[in-house]
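Asks: quick one, what's the 3D model for this:
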Amino acid sequence: MKLLTYQYKFFGPRAGLKQDENVLDLTVLLGCDESPIPDIGELLRRFGDPVAAIQAALDGGARREVLPLEEVTLCPPILHPASLRDSSLFEAHSNGTSRSNGHTTPPIWYERPIYFYENPNGLTGPEASISRKAGSVTLDYEAELALVVGKAGRDVPPERALEHLLGVTIYNDWTDRATGGKEVGFLGMHKSKDFAGGMGPWIVTMNEIMDRWNGGRLDLKVEAFVNGKQTTDASTGEMYWTIPQLLEVVTQDCTVVPGDVIGLGTVGGGCLAERGGALPFLSDGDTVEIRVERIGTLRQHVKKA
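Replies: Next up, the predicted model:
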């Protein structure tokens with residue numbers, strides 16, 4: 001299933017289901033007219049197994065309201081995650097961005113998966129325009145795959161990781177490189193990442209991509225384009241740490257809840273900073289597209305001055 005959040009004219013936001021080139025309104029399908037479902041986060045809070053509930057409604061001939069996909073505005077699938085984490089599972093990106101800031105990847109990177117918290121209040125969806133930090137000339141994109149938690153868990157062992165995952169989506173971890181280099185240099189535990197984050201276009205449930213699951217890794221092609229020119233050609237199959245290993249660390253002494261979002265980190269070559277100055281940083285009016293195989297395209301724009 002492809003689960004999304006949309007607006008239609010002055011109506012919404014509402015949770016929806018993508019079917020071909022249409023959107024089925026989940027408030028109507030699931031019989032929640034008296035209490036509309038505003039996004040996929042709320043869907044997860046209300047239904048213990050939303051995929052099963054949706055399938056049962058479809059199979060049972062429940063009432064439907066259908067809108068053409070081209071006529072709706074897509075929002076981030078989860079409007080306000082309880083938490084937004086981002087990790088670093090790709091060695092090529094870690095080493096590349098560290099070198100660009102005059103640092104080296106620290107030993108802890110090879111000891112366990114590491115992650116940090118980001119701002120869950122700045123998420124935007126497809127076709128949104130984002131504003132760079134004031135005075136910034138080093139705006140960069142970061143092409144990522146993100147996990148969406150579907151079931152609460154604490155101290156989750158690797159062999160039970162899949163029980164807690166609803167699906168995956170595309171994440172653009174917009175970053176100001178100069179700020180990051182001054183504050184920390186390595187990764188994103190600083191002010192370089194608090195101003196914007198892109199997510200969408202929808203969440204693809206795990207059952208649709210398990211044929212690409214190999215030893216705890218999802219192998220999906222990732223591409224990015226700036227103004228139509230390809231700048232990233234990578235694969236999530238190159239992750240150093242596995243998804244179950246990451247979830248084990250994230251949930252150690254810590255509870256995840258439905259709707260939590262966990263970025264897997266930028267794929268190798270998934271940003272401009274790794275290119276050693278061969279590619280310029282983003283300018284006002286630029287368009288960035290991140291395409292992930294089996295999911296779709298997240299296209300966003302840098303606001304014009």
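Asks: per-domain residue ranges of the chain.
Replies: What automatic domain parsing lists as the domains of the chain is 2-75, 84-302.
Asks: can you redo these as a markdown table with mean neighbour count and mean pLDDT?
Replies: (Glycine included, C-beta is placed from N, CA and C.) Shown next, in a markdown table, are those (neighbours: other CB atoms under 10 Å; pLDDT from 0 to 100):
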| stretch | mean neighbour count | mean pLDDT |
| --- | --- | --- |
| domain 2-75 | 18 | 97 |
| domain 84-302 | 19 | 92 |
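Asks: can you pull out the helices in the stretch 201-305 of the chain?
Replies: With DSSP state H, counting those that start in this stretch as the criterion, the stretch 201-305 of the chain has helices at 243-250.
Asks: quick check: residue 7 is in a strand.
Replies: Yes: using DSSP: H, G, I helix; E, B strand; the rest coil, the assignment for residue 7 is a strand.
Asks: now the closest residue to it other than its chain neighbours: how far from residue 24?
Replies: Nearest in space to residue 7, with sequence neighbours left out and distances taken as CB to CB, 6 or more residues apart in numbering, is residue 73 at 4.5 Å. Using CB to CB, to the nearest Å, residue 73 is found at 16 Å from residue 24.
Asks: ok, now residue 158?
Replies: To residue 24, residue 158 is 35 Å away according to CB to CB.
Asks: my read is that residue 274 contacts residue 93, right?
Replies: Yes: assessed by CB atoms under 8 Å, residue 274 is found in contact with residue 93 at 6.5 Å.
Asks: between these two, which contacts overlap?
Replies: Common neighbours of residue 274 and residue 93, using CB atoms under 8 Å, 6 or more residues apart in numbering, are residue 268.
Asks: do a quick rundown of the strands in the stretch 201-305 of the chain.
Replies: Using DSSP state E, counting those that start in this stretch, the strands of the stretch 201-305 of the chain run over 213-214, 217-218, 221-226, 229-235, 255-256, 261-266, 287-292, 296-302.
Asks: contact partners for residue 265?
Replies: By CB under 8 Å, 6+ apart, the contact list for residue 265 reads 86-90, 93-94, 144, 239.
Asks: can you redo the residues you listed as TSV with distance to residue 125?
Replies: Output for the contacts of residue 265, formatted as TSV (distance: CB to CB, whole Å):
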residue	distance to residue 125
86	18
87	22
88	24
89	24
90	24
93	24
94	28
144	15
239	25
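Asks: would you list the residues you listed in a markdown table and tack on secondary structure?
Replies: Shown next, in a markdown table, are these (three-state DSSP):
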| residue | secondary structure |
| --- | --- |
| 86 | strand |
| 87 | strand |
| 88 | coil |
| 89 | coil |
| 90 | coil |
| 93 | helix |
| 94 | helix |
| 144 | strand |
| 239 | coil |
